[in-house]
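# Whatever this is, show me its structure:
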Amino acid sequence: AECGRDGGTVSSLCAFCARLKRGSLYATARKRNCNKLVLAQHLDDLAESFLMSTMHNGLLRTMKASYTIDRGDLSVIRPLAYCRESLTADYAVAAGLPVINENCPACFEEPKERARIKKLLTKEESLYPNVYDNIRKALLPLMHDDGEKIMRYYTELAVSRTRKVQGGGGSRKRERGGRADAAGAAPPEEEEKKEA
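The predicted structure follows:
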């Protein structure tokens with residue numbers, strides 16, 4: 001289907017449907033003069049998305065906890081991004097909220113990848129009870145906009161350390177308007193100072 005970002009092709013039915021739902025939510029928010037859209041994805045959702053992105057696309061990414069959409073007129077927030085699914089389920093029962101089961105016709109055929117990843121994480125949690133605390137810590141740079149700058153710095157640092165330095169035989173230190181590490185890259189906080 002041709003509904004991806006910038007008219008690209010969407011790889012799966014789930015991605016296509018998610019894009020259509022997001023478009024409907026954005027249109028409804030604008031129609032009602034809202035500037036903030038609150039979505040209810042929780043930590044389990046973010047962990048599953050992260051693993052699927054890593055294993056199937058080779059990318060370190062997940063849903064953002066908050067961001068502004070490209071047009072700049074709507075902010076999207078996910079306040080439950082730090083909460084476990086079980087906590088939200090317990091609250092729903094205690095508050096007497098209705099629970100709507102999965103109702104996607106495409107998902108009735110067979111268990112999908114997200115369900116498989118959920119089972120994998122459940123198994124890991126039985127072996128390592130702190131796995132979601134560790135995943136939360138690991139995802140923090142990916143969940144926030146400034147995280148991309150941090151990740152770029154550490155990626156460049158790691159790549160530069162794996163390359164052989166031509167002609168020097170060892171590591172070089174290049175100054176870039178401030179403190180620099182052995183690879184010559186300035187830490188993110190100094191990059192921010194230079195941009196300001």
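# Can you show me the CA trace of stretch 15-26 as CSV?
Output in CSV follows, covering the C-alpha atoms of stretch 15-26 (Å, rounded to 0.1, in the frame of the first residue of the first chain):
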residue,chain,number,x,y,z
ALA,A,15,1.7,-0.4,9.6
PHE,A,16,-0.8,0.6,7.0
CYS,A,17,-3.7,0.4,9.5
ALA,A,18,-1.7,2.3,12.2
ARG,A,19,-1.0,5.1,9.7
LEU,A,20,-4.7,5.4,8.8
LYS,A,21,-5.7,5.5,12.5
ARG,A,22,-3.1,8.1,13.2
GLY,A,23,-4.4,10.2,10.3
SER,A,24,-8.0,10.0,11.6
LEU,A,25,-6.9,10.9,15.1
TYR,A,26,-4.9,14.0,13.8
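# buried sites along that stretch?
16, 26 (16 or more other CB atoms under 10 Å). Just so you know, the C-beta spots here come from the backbone N, C-alpha and C atoms, and that holds for glycine as well.
# Report the mean confidence score over that stretch.
Stretch 15-26 carries an average pLDDT of 88.
# How about stretch 60-80?
92.
# Next: stretch 32-40.
Stretch 32-40 carries an average pLDDT of 95.
# go on, stretch 97-112?
pLDDT averaged over stretch 97-112 gives 70.
# same thing with stretch 138-157?
Averaged across stretch 138-157, pLDDT comes to 77.
# which residues of the chain fall in helices?
In the chain, the helices defined using DSSP state H lie at 13-31, 43-57, 85-94, 113-127, 131-143, 146-162, 188-195.
# tell me the most buried of these?
helix 43-57 (a mean of 18; mean count of other CB atoms under 10 Å).
# residues contacting the residue nearest the centre of the chain?
By CA atoms, centre = their mean, the chain has its centre lying nearest to Thr62, at 1.8 Å. Contacts for Thr62 (CB atoms under 8 Å, 6 or more residues apart in numbering) come out as 46-47, 49-50, 53, 139, 142-143.
# run the last query once more with 7 Å
By CB atoms under 7 Å, 6 or more residues apart in numbering, the residues touching Thr62 are 46, 49-50, 53, 139, 142-143.
# State the pair within the residues you listed that is farthest apart.
The span of the contacts of Thr62, defined through CB to CB, is set by Ser53 and Met143 at 13.0 Å.
# hmm, back to that, give me the distance between the residue nearest to the centre of the chain and Gly96.
The spacing between Thr62 and Gly96, counted by CB to CB, to the nearest Å, is 31 Å.
# now swap in Ile135 and tell me
Going from Ile135 to Gly96 by CB to CB gives 31 Å.
# now do Met143
31 Å.
# Which residue is the nearest non-sequential neighbour of Thr54?
Spatial nearest neighbour of Thr54, excluding adjacent residues (CB to CB, 6 or more residues apart in numbering): Leu60 at 6.3 Å.
# wait, isn't that neighbour in contact with Leu51?
No - the pair Leu60 / Leu51 is not scored as a contact, 10.7 Å apart, by CB atoms under 7 Å.
# Fine by me, thanks again.
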